[in-house]
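In: predicted model follows, preceded by the sequence.
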Amino acid sequence: MSFAKLFRRIRKNESGVAAMEYGLIAGFISLVIVAGLLIATPAISLIYSTIGSDLSSACQSMGGKTC
């Protein structure tokens, strides 16, 4: 087999291209999820802290015996 035929056969061989594209898409989606979590973490933490302090205040106003 000549080098030209081998080169044409390799160039036409597209097996694995779809898997590579799916891998790139999955990698991009995971990067977006991680970035979103990094951005949203302080806001989520603030929400839970607010809920916790509100529950603690409510418990204290009831005498604190049932909490």
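Out: Structure received.

In: so what pLDDT did the most centrally placed residue in the chain get?
Out: The centroid of the chain falls nearest to Ile33 when counting by Cα atoms, centre = their mean (2.4 Å). The per-residue pLDDT reported for Ile33 equals 97.

In: element containing it, please.
Out: Ile33 is part of helix 17-61, with elements assigned from DSSP states H and E.

In: pLDDT weak spots in the protein?
Out: By pLDDT under 70, the weakly predicted segments of the chain are 1, 7, 10-11, 13-16, 64-67.

In: now with 80?
Out: Within the chain, the ranges that satisfy pLDDT under 80 run 1, 3-19, 63-67.

In: just to revisit the earlier point, ok, the residue nearest to the centre of the chain - contacts?
Out: Listed by Cβ atoms under 8 Å, 6 or more residues apart in numbering, Ile33 has no contact partners. (C-beta placed from N, C-alpha, C; glycine too.)

In: distance of Gly36 relative to Ala26?
Out: Gly36 sits 16 Å away from Ala26, going by Cβ to Cβ, to the nearest Å.

In: check contacts around Phe3.
Out: Residues near Phe3 by Cβ under 8 Å, 6+ apart: none.

In: from Arg9, how far out is it?
Out: In terms of Cβ to Cβ, Phe3 sits 11 Å off from Arg9.

In: same question, Leu37
Out: According to Cβ to Cβ, Leu37 and Arg9 sit 45 Å apart.

In: now do Glu21
Out: Going from Glu21 to Arg9 by Cβ to Cβ gives 22 Å.

In: swap in Leu38?
Out: Note on Leu38: its distance to Arg9, by Cβ to Cβ, is 46 Å.

In: one more: Ala18?
Out: Separation of Ala18 from Arg9 (Cβ to Cβ) stands at 19 Å.

In: cool, and Ala58?
Out: Ala58 sits 74 Å away from Arg9, going by Cβ to Cβ.

In: how far out from the middle of the chain is stretch 24-39?
Out: Relative to its chain's centre, stretch 24-39 lies at 4 Å (Cα atoms, centre = their mean, to the nearest Å).

In: dump that stretch to CSV, keeping only the CA atoms.
Out: Taking C-alpha atoms only, stretch 24-39 is exported to CSV below (Å, rounded to 0.1, in the frame of the first residue of the first chain):
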residue,chain,number,x,y,z
LEU,A,24,-15.9,17.9,24.7
ILE,A,25,-19.6,18.7,25.3
ALA,A,26,-19.6,16.8,28.6
GLY,A,27,-16.4,18.6,29.6
PHE,A,28,-17.9,22.0,28.8
ILE,A,29,-21.1,21.2,30.7
SER,A,30,-19.2,20.2,33.7
LEU,A,31,-17.2,23.4,33.6
VAL,A,32,-20.4,25.4,33.5
ILE,A,33,-21.8,23.5,36.4
VAL,A,34,-18.7,24.0,38.5
ALA,A,35,-18.6,27.7,37.7
GLY,A,36,-22.3,28.1,38.5
LEU,A,37,-21.8,26.4,41.9
LEU,A,38,-18.8,28.6,42.7
ILE,A,39,-20.8,31.7,41.9
